[in-house]
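*Asks:* Everything below, folded, please.
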Amino acid sequence: MEDTIKLAAQRTPDLIEAGCDEVGRGCLAGPVVAAAVILPKDYELPYLNDSKKLTAKRRDQLAEIIKRDALSWAIAEVDHQKIDEINILNASFLAMHKAVDQLKVRPELLLIDGNRFSPYMGIMHECVIKGDGKFMSIAAASILAKTYRDALMITLAEEYPFYAWEKNAGYPTKAHRAGILEHGPSPLHRRSFKLLADKK
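*Replies:* Next comes the predicted model:
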């Protein structure tokens, strides 16, 4: 059940703030995707919330409104090969940096979902645990990142149909791991991850 909740529009009264979030850290395949969003001050958008608390239909509706209303927004991805090379945490930071790079308005403060971040050149940042349920800009970033990545994994599932990515988006479900066990990993699987669960 979706709730209309009131998230904070701003962390500070006068700085240009960009909310940043990523999706796909726990997946076994595909990229990690991040988004950065700068919303107008005193912005209001009913149902805006942590993307995980919304239905897919609601996320898609909100994503279109966010793209229309935002002062600037950007989405970036870091692929599975880079994840294997630099690890998923650093890949998540890199994806957020790449998203900020693309913003057409330069933010003065980055609001980061989570408790860790690698500083971005010359811009202050603040980490906010469960920030996608507290600040509108982070919630908006979570929605853009998730809708983009879910759509990408549905498309990739047509090319690699054995892993049910159209349903699990690359997360380690039983169906996903059954596909790996039967067909082996795809070229898009993260080799640095534990692809199969331990046998009991």
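
*Asks:* now what about the helix or strand hosting A63, what contacts it?
*Replies:* Using DSSP states H and E, A63 maps to helix 56-69. Under the contact criterion Cβ atoms under 8 Å, 6 or more residues apart in numbering, helix 56-69 has outside partners 2, 37, 39-40, 43, 45, 47-48, 51, 54, 73, 140, 143-144, 146-147, 150. In short, each C-beta sits where N, CA and C put it, glycine included.

*Asks:* Now the buried members of those.
*Replies:* For the contacts of helix 56-69, a neighbour count by 16 or more other Cβ atoms under 10 Å gives the buried set as 37, 39, 43, 45, 47-48, 51, 54, 73, 140, 143-144, 146-147, 150.

*Asks:* Hmm, A34 and A95 touching each other?
*Replies:* Yes - when contacts are counted by Cβ atoms under 8 Å, A95 is listed as touching A34 (3.6 Å).

*Asks:* Need the residues touching each of those two.
*Replies:* By Cβ under 8 Å, 6+ apart, the residues touching both A95 and A34 are 22, 76-78.

*Asks:* returning to that earlier point: out of the buried ones among the contacts of helix 56-69, which comes closest to L89?
*Replies:* K146 (19.0 Å; Cβ to Cβ).

*Asks:* Quick check: closest non-adjacent residue to that closest one.
*Replies:* Computed as Cβ to Cβ, 6 or more residues apart in numbering, the closest residue to K146 that is not its neighbour in sequence is S51, at 4.3 Å.

*Asks:* ditto for G26
*Replies:* Nearest one to G26, counting by Cβ to Cβ, 6+ apart, is Y171 at 6.1 Å.

*Asks:* and that neighbour, how far is that from D60?
*Replies:* 19 Å (Cβ to Cβ, to the nearest Å).

*Asks:* For A34, which residues are in contact?
*Replies:* 20-23, 75-78, 92, 95-96, 98-99, 141, 145 are the contacts of A34 under Cβ under 8 Å, 6+ apart.

*Asks:* Just the ones of these in helices?
*Replies:* 92, 95-96, 98-99, 141, 145 (DSSP state H).

*Asks:* Just want the phi and psi numbers for the residue nearest to G26.
*Replies:* Backbone torsions of Y171, given as degrees, to the nearest 10, read phi -70, psi 160.

*Asks:* The chain should start at 340 in everything you say after this.
*Replies:* New numbering, starting at 340: the last item is Y510.

*Asks:* in the protein, which spans are strands?
*Replies:* 356-362, 371-377, 411-417, 448-452, 463-467 (DSSP state E).

*Asks:* Which of the residues in the last one are classified as buried?
*Replies:* The one in question is strand 463-467. Buried, per 16+ other Cβ under 10 Å, within strand 463-467: 464, 467.

*Asks:* That strand pairs with which strands?
*Replies:* The strands beside strand 463-467 in its sheet (DSSP bridges) come out as strand 448-452 (parallel).

*Asks:* List the single closest residue to A413 in space, sequence neighbours excluded.
*Replies:* Q441 (3.6 Å).

*Asks:* what number of residues lie near that neighbour?
*Replies:* By other Cβ atoms under 10 Å, 13 other residues sit near Q441.
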